[in-house]
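S.K.: 3D, please:
(one chain, ligands or ions: 3)
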Amino acid sequence: MALIVQKYGGTSVGTVERIEAVADRVARFRKEGHDVVVVVSAMSGETNRLIGLAHAITDNPTPREMDVLVSTGEQVTIALLAMALHKRGMGARSYTGGQVKILTDSAHTKARIQHIDDRNMRADLEQGNVVIVAGFQGVDEQGNITTLGRGGSDTTAVALAAALKADECQIYTDVDGVYTTDPRVVDSARRLEKITFEEMLEMASLGSKVLQIRSVEFAGKYNVPLRVLSSFEEGPGTLITLEDDETMEQPLVSGIAFNRDEAKLTLAGVPDVPGVASRILKPVSDANIEVDMIVQNVGKDNHTDFTFTVHRNDFKRTLEILEKTREELGAREVIGDDKIAKVSIVGVGMRSHAGVASKMFEKLSEEGINIQMISTSEIKVSVVIAEKYLELAVRALHSAFEMDKEPSERSY
Ligand code: ADP
Ligand code: ASP
Ligand code: MG
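M.R.: Ligands and ions are numbered 1, 2, ... in the order given. Coordinates of the predicted model:
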């Protein structure tokens, strides 16, 4: 008999009927003799609703109070699911993050898990109870409620699975696995049977929201067997695995990720002297703004252009900072664009093949899509393009790399 951690996302617990369906599934596993720990999200839309309430009162809610507020969503679903299991004659007990106790640092709204006390959960499992834990939340040393960032219930689930040395961590969601790209954007996207931790990490950090980045990091680090499945239908889902040369097919491109959350800023006509990059970026990082892609053009007439991207939420603030830097450095102008998108192709197979990037660029140019920025690593190529071309670009690349076919049937 196995110990299984199951996580159900917002849509999967979005109504009372769906919570009942989750209870049926959990009860089935329990009756097969497995120990089950369930992690649930807030009902779909609830976290956004709570954030909306806060912003209806103030533009600047303190992070501590935001965590007190948004953590309530998950507290509702753990209790309702426990009641649904009781109705089915099952022993079940719900826990908030603090009750478990999931200890985190004090970085409100983006806290990191430091330690998980497994004693309460173990005691309940021993008594035959299903353990139900609120996702997304923890508690710091001082007893303050913290949350783990949007999508953080995935991370709760993987962290519990690691702490309990579970046999598998199952992430139940509204799609039946990880696809070559978001199936809501490309109809012909295919479900992947397996994907490596490394590829999944890239996909997640480049914008595929099917798993929170932190959860994949955790799973890789502690080698937690992780599977993404549908809560609406039966199926094998997608297994996230270690790279394995013998059994893994290694297609050149495993997936396409995209992200509309960034904005681009350029400081044009900057004097081309040593130290400029740091003088531009230091005030940005001092303001706690994360920079993603960076490009500095080749200098001409002792001047250069310096371009970088930040999260769209930080766009306005960064513009203000850059305007000050422009004056200090005597640069010509600040240009901002928040209508951009980043499209990335990801695949461990790229390591051993040249030409993937040029094929990507060629395809985009055939579609008349201008590439504004490029960044590459061993297993990914990312480009920034105008947001209006995003869906066209993703579909064109999906078909150019024949991702709608089985890897073995592709012509490259
Ligand atoms: P949950 O509420 O269960 O956590 P999410 O909305 O966070 O669900 O994640 C599931 C969604 O991720 C899907 O509905 C899908 O639109 C999106 N998604 C983005 N990229 C992918 C991908 N490559 N494979 C599968 N789903 C993807
Ligand atoms: N409810 C939280 C969110 O919407 C956490 C989660 O669903 O994983 O981000
Ligand atoms: Mg999610």
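S.K.: all contacts plus neighbour counts: C-alpha atoms, from now on.
M.R.: Will do.
S.K.: low-confidence ranges in the protein?
M.R.: 244-250 (pLDDT under 70).
S.K.: up against ligand 2, what does it have?
M.R.: Taking C-alpha under 6 Å from any ligand atom as the contact definition, the chain meets ligand 2 at 9-10, 41-42, 47, 136, 150-154.
S.K.: can I get those in JSON lines including neighbour count and secondary structure?
M.R.: Shown next, in JSON lines, are the residues of the chain next to ligand 2 (neighbours: other C-alpha atoms under 10 Å; DSSP: H, G, I helix; E, B strand; the rest coil):
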{"residue": "G9", "neighbour count": "23", "secondary structure": "coil"}
{"residue": "G10", "neighbour count": "24", "secondary structure": "coil"}
{"residue": "S41", "neighbour count": "32", "secondary structure": "coil"}
{"residue": "A42", "neighbour count": "28", "secondary structure": "coil"}
{"residue": "T47", "neighbour count": "20", "secondary structure": "helix"}
{"residue": "F136", "neighbour count": "31", "secondary structure": "coil"}
{"residue": "R150", "neighbour count": "14", "secondary structure": "coil"}
{"residue": "G151", "neighbour count": "20", "secondary structure": "coil"}
{"residue": "G152", "neighbour count": "22", "secondary structure": "coil"}
{"residue": "S153", "neighbour count": "30", "secondary structure": "helix"}
{"residue": "D154", "neighbour count": "30", "secondary structure": "helix"}
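S.K.: can you tell me the centre-most residue of the protein?
M.R.: Nearest residue to the geometric centre of the chain (C-alpha atoms, centre = their mean): Q212, 3.0 Å.
S.K.: ok so, going back, can you put the residues of the chain next to ligand 2 in JSON lines and add distance to ligand 1?
M.R.: Formatted as JSON lines, these follow (distance: C-alpha to the nearest ligand atom, whole Å):
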{"residue": "G9", "distance to ligand 1": "3"}
{"residue": "G10", "distance to ligand 1": "4"}
{"residue": "S41", "distance to ligand 1": "7"}
{"residue": "A42", "distance to ligand 1": "9"}
{"residue": "T47", "distance to ligand 1": "11"}
{"residue": "F136", "distance to ligand 1": "11"}
{"residue": "R150", "distance to ligand 1": "9"}
{"residue": "G151", "distance to ligand 1": "6"}
{"residue": "G152", "distance to ligand 1": "9"}
{"residue": "S153", "distance to ligand 1": "7"}
{"residue": "D154", "distance to ligand 1": "7"}
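S.K.: now, which of those residues sits nearest S71?
M.R.: F136 (7.3 Å; C-alpha to C-alpha).
S.K.: how about the strands in the stretch 251-400 of the chain?
M.R.: 255-259, 262-271, 291-296, 303-311, 333-337, 340-346, 373-377, 380-386 (DSSP state E, counting those that start in this stretch).
S.K.: against G269, how distant is the residue located most distally from the centre of the chain?
M.R.: Within the chain, D301 marks the point farthest from the mean C-alpha position, 42.8 Å out by C-alpha atoms, centre = their mean. For D301, the distance to G269 (C-alpha to C-alpha, to the nearest Å) stands at 10 Å.
S.K.: and what of M203?
M.R.: Distance from M203 to G269, by C-alpha to C-alpha: 35 Å.
S.K.: can you put the strands of the stretch 251-400 of the chain in JSON lines and add mean neighbour count?
M.R.: Converted to JSON lines, the strands of the stretch 251-400 of the chain look like this (neighbours: other C-alpha atoms under 10 Å):
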{"stretch": "strand 255-259", "mean neighbour count": "25"}
{"stretch": "strand 262-271", "mean neighbour count": "22"}
{"stretch": "strand 291-296", "mean neighbour count": "16"}
{"stretch": "strand 303-311", "mean neighbour count": "21"}
{"stretch": "strand 333-337", "mean neighbour count": "17"}
{"stretch": "strand 340-346", "mean neighbour count": "25"}
{"stretch": "strand 373-377", "mean neighbour count": "14"}
{"stretch": "strand 380-386", "mean neighbour count": "22"}
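S.K.: and of the ones you listed, who's closest to ligand 1?
M.R.: With C-alpha to the nearest ligand atom, the closest approach to ligand 1 among the strands of the stretch 251-400 of the chain belongs to strand 255-259: 6.7 Å.
S.K.: ok, how many other residues are close to R119?
M.R.: 12 (other C-alpha atoms under 10 Å).
S.K.: what's the answer for the one 4 residues further on, then?
M.R.: Residues contacting A123 under the criterion other C-alpha under 10 Å number 12.
S.K.: for it, phi and psi?
M.R.: phi -60, psi -40 (degrees, to the nearest 10).
S.K.: list the contacts for it?
M.R.: By C-alpha atoms under 8 Å, 6 or more residues apart in numbering, the contact list for A123 is empty.
S.K.: separation between it and ligand 2?
M.R.: A123 is 26 Å from ligand 2, where distance means C-alpha to the nearest ligand atom, to the nearest Å.
S.K.: same check, this time on V224
M.R.: 18 Å.
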